[in-house]
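Visitor: can you look at this prediction? I've put the sequence above it.
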Amino acid sequence: MNNPLADRIRPTTLDEVVGQKHLLAPGKALYNMIDNGEVPNLIFYGPSGVGKTTVASIIAGRTKRALRRLNGTNASTQDIKDIVAELDTFTAPNGILLYLDEIQYFNKRQQQSLLEYIENGKITLIASTTENPYFYVYSAILSRSTVFEFKAIEPEDIEPAVKRGFDFLAQEGQTEIEYDSQVLRRIATGCGGDVRKALNCVENCCYATPTVDNKKIVTLDTVNELVQKSAMRYDRDGEEHYDIVSAYQKSMRGSDPDAALHYLARLLDAGDLPSACRRLLVCACEDVGLANPQIIPIVKAAVDSAMMVGLPEARIPLADAVILVATSPKSNSGEAAIDAALADVRRGNFGPIPRQLQNKHYDGEDAEIKGQNYIYPHEYPNHWVRQQYLPDRIKDAKYYTFGNNKNEQAYKRYWDTIKGEKND
């Protein structure tokens, strides 16, 4: 069986690499490093199928070092020892360039076993990861490496690679392959910025298209059948998950219903109904809050409905609730107040509960003032009376500030009147 198309037409020069112009355009730091042949330890960070392995292979071709590859998902400490054993032998007289894919799966001890050799320069490490290296890579490795972030590739940059794939298969199979611009565009947009996924689709389209008179005519219908259901990158345990749910909540907080619906759609298309519901509830409480307190039970009802009916129908109550949250007035005064109170408690700013609030109704012999002396507010006009509720140590603490919205300002005016306080 042939290697996948993506491997058969893997670029061999930087000029052939699609996308990543922020790294590989002439004059950029990484381009200059590779062009000069002076390559330090590198960590390539970014989603799959965007050129990390390709660039590492190009670097290996420009150095005089022996290239060795390991994958963090299945490599062991013994594999590292085997590579180290090659140092200073005729198989690696100038040292080794080690390409370590998915380094995030190497544990700390495995990563530490490389330190001595990347420190003395006998091994040049090029590691790649789809996760944030600052969370997953051992700090001593990071301090000895330069991190470059690879980004998902735009459809217009993928189209030439798709065309190149069709042309390669036509030449390889000695068969004419006919397709139009819509086919190119659909494959390029349907791969989520992943060139490997796009080329897999190219190959599958050719397999699925019959040959008539030594010609294959690839149609848009065939492409639509074969393009993966979701072009979106999504891993519930990965960084992309947190990026999407973060953008989802921030769009609602920012009162942009269109953006909020977009990120809701991405969550639902990935089948992540729990995250869509959880962040929606959080946003209703945290970001709308007291500006429209009735929204909390409404959103809770929408979430309950969504969880009860499941997908795809869940999209309807959730869309209603997301639009409601995004277009509601906003206030984070409740969140700010509880966070301020928590901060005080965690700093040790608390004291004995005032006697009048305690749950006991008798006093010991040592009590200077006998009696609980609790004042019952409902026995006074407007059901309020001045009384100390905070411990003596923090009796003047202020945590809550009324938000600048219709609801909270109405509450403020009411209590300013009842308490005889001046309006600001």
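Guide: Looks like it came in fine. Residues are numbered from 1 along each chain as shown.
Visitor: for this protein, give me the ranges with low pLDDT.
Guide: 1, 228-239, 360-372, 422-424 (pLDDT under 70).
Visitor: show me the strands in it, by range?
Guide: Using DSSP state E, the strands of the chain run over residues 42-45, 66-71, 96-101, 123-129, 146-149, 176-178, 211-212, 215-217.
Visitor: could you export these as JSON lines, including distance to residue 269 and mean neighbour count?
Guide: (C-beta placed from N, C-alpha, C; glycine too.) Formatted as JSON lines, the strands of the chain follow (distance: least, CB to CB, whole Å; neighbours: other CB atoms under 10 Å):
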{"stretch": "strand 42-45", "distance to residue 269": "25", "mean neighbour count": "24"}
{"stretch": "strand 66-71", "distance to residue 269": "29", "mean neighbour count": "18"}
{"stretch": "strand 96-101", "distance to residue 269": "28", "mean neighbour count": "23"}
{"stretch": "strand 123-129", "distance to residue 269": "25", "mean neighbour count": "24"}
{"stretch": "strand 146-149", "distance to residue 269": "25", "mean neighbour count": "16"}
{"stretch": "strand 176-178", "distance to residue 269": "31", "mean neighbour count": "15"}
{"stretch": "strand 211-212", "distance to residue 269": "35", "mean neighbour count": "10"}
{"stretch": "strand 215-217", "distance to residue 269": "31", "mean neighbour count": "17"}
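Visitor: how about the ones you listed in CSV, adding distance to residue 393?
Guide: Listed next are those as CSV, based on distance: least, CB to CB, whole Å:
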stretch, distance to residue 393
strand 42-45, 49
strand 66-71, 59
strand 96-101, 56
strand 123-129, 49
strand 146-149, 48
strand 176-178, 80
strand 211-212, 86
strand 215-217, 82
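Visitor: relative to residue 407, which of those strands is closest?
Guide: Residue 407 lies closest to strand 146-149 among these, at 43.7 Å (CB to CB).
Visitor: who does the closest one pair up with?
Guide: For strand 146-149, the paired strands and their directions (DSSP bridges) are strand 42-45 (parallel).
Visitor: contact partners for residue 147?
Guide: For residue 147, the contact set (CB atoms under 8 Å, 6 or more residues apart in numbering) comprises 42, 43, 45, 133, 134.
Visitor: list just the nearest of those residues to residue 272.
Guide: Nearest member of those to residue 272, counting by CB to CB, is residue 45, at 23.5 Å.
Visitor: which other residues reach the longest helix along the chain?
Guide: Across the chain, the helix with the greatest residue count (assigned by DSSP state H) is helix 155-173. By CB under 8 Å, 6+ apart, the residues outside helix 155-173 that reach it are 5, 8-9, 18-19, 175-177, 179, 184-185, 187-189, 191, 193, 195, 198-199, 202-203, 206, 218.
Visitor: rerun that using 6 Å as the cut-off
Guide: Contacts with helix 155-173, where a contact means CB atoms under 6 Å, 6 or more residues apart in numbering, come from 5, 9, 18-19, 177, 184, 187-189, 195, 198-199, 202, 206.
Visitor: go on, stretch 47-63?
Guide: If you take CB under 6 Å, 6+ apart as the criterion, stretch 47-63 is touched by 10-11, 17, 20, 34, 37, 39, 44, 67, 97, 99, 126, 128, 130, 150, 152-153, 194-197, 233.
Visitor: for it, list every residue counted as buried.
Guide: For stretch 47-63, a neighbour-count test (16 or more other CB atoms under 10 Å) marks 47-60, 62-63 as buried.
Visitor: got the CA positions of it in CSV?
Guide: Output in CSV follows, covering the C-alpha atoms of stretch 47-63 (Å, rounded to 0.1, in the frame of the first residue of the first chain):
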residue,chain,number,x,y,z
PRO,A,47,-2.7,22.1,15.6
SER,A,48,-2.1,18.9,13.5
GLY,A,49,-1.6,19.0,9.8
VAL,A,50,-0.2,22.5,9.6
GLY,A,51,3.5,21.8,8.7
LYS,A,52,5.3,21.1,11.9
THR,A,53,6.7,17.7,10.8
THR,A,54,7.3,19.0,7.2
VAL,A,55,9.4,21.9,8.5
ALA,A,56,11.4,19.6,10.8
SER,A,57,12.2,17.3,7.9
ILE,A,58,13.4,20.3,5.8
ILE,A,59,15.6,21.3,8.7
ALA,A,60,17.0,17.8,8.9
GLY,A,61,17.8,17.9,5.2
ARG,A,62,19.8,21.1,5.6
THR,A,63,22.0,19.9,8.5
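Visitor: distance from it to the middle of the chain?
Guide: For stretch 47-63, the separation from the chain centroid amounts to 24 Å (computed by CA atoms, centre = their mean, to the nearest Å).
Visitor: start and end of stretch 44-60, how far apart?
Guide: End-to-end distance for stretch 44-60, by CA to CA, to the nearest Å: 15 Å.
Visitor: do the same with stretch 133-140
Guide: In stretch 133-140, first residue to last residue: 12 Å (CA to CA).
Visitor: contacts for that stretch?
Guide: 43, 45, 104, 108, 111, 115, 147.
Visitor: what residues are up against the second one?
Guide: Shown here is residue 45, whose contacts under the criterion CB under 6 Å, 6+ apart are 129, 133, 147, 149.
Visitor: JSON lines please, covering those and showing distance to residue 416.
Guide: As requested, the contacts of residue 45 are exported to JSON lines (distance: CB to CB, whole Å):
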{"residue": "129", "distance to residue 416": "56"}
{"residue": "133", "distance to residue 416": "54"}
{"residue": "147", "distance to residue 416": "55"}
{"residue": "149", "distance to residue 416": "53"}
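Visitor: excluding chain neighbours, what is closest to residue 379?
Guide: Excluding the flanking residues, the one nearest residue 379 by CB to CB, 6 or more residues apart in numbering is residue 385, at 7.9 Å.
Visitor: surely the one you found and residue 375 touch.
Guide: Yes - if you go by CB atoms under 6 Å, residue 385 and residue 375 touch, sitting 5.2 Å apart.
Visitor: nearest spatial neighbour of residue 64, chain-adjacent residues omitted?
Guide: Spatially, and ignoring its direct neighbours in sequence, residue 64 is nearest to residue 94 (4.7 Å; CB to CB, 6+ apart).
Visitor: against residue 124, how distant is that neighbour?
Guide: 10 Å (CB to CB, to the nearest Å).
Visitor: swap in residue 250?
Guide: Distance of residue 250 to residue 124, given as CB to CB: 40 Å.
Visitor: same check, this time on residue 148
Guide: Taking CB to CB, one finds residue 148 at 15 Å from residue 124.
Visitor: and for residue 115?
Guide: If you go by CB to CB, the gap between residue 115 and residue 124 works out to 13 Å.
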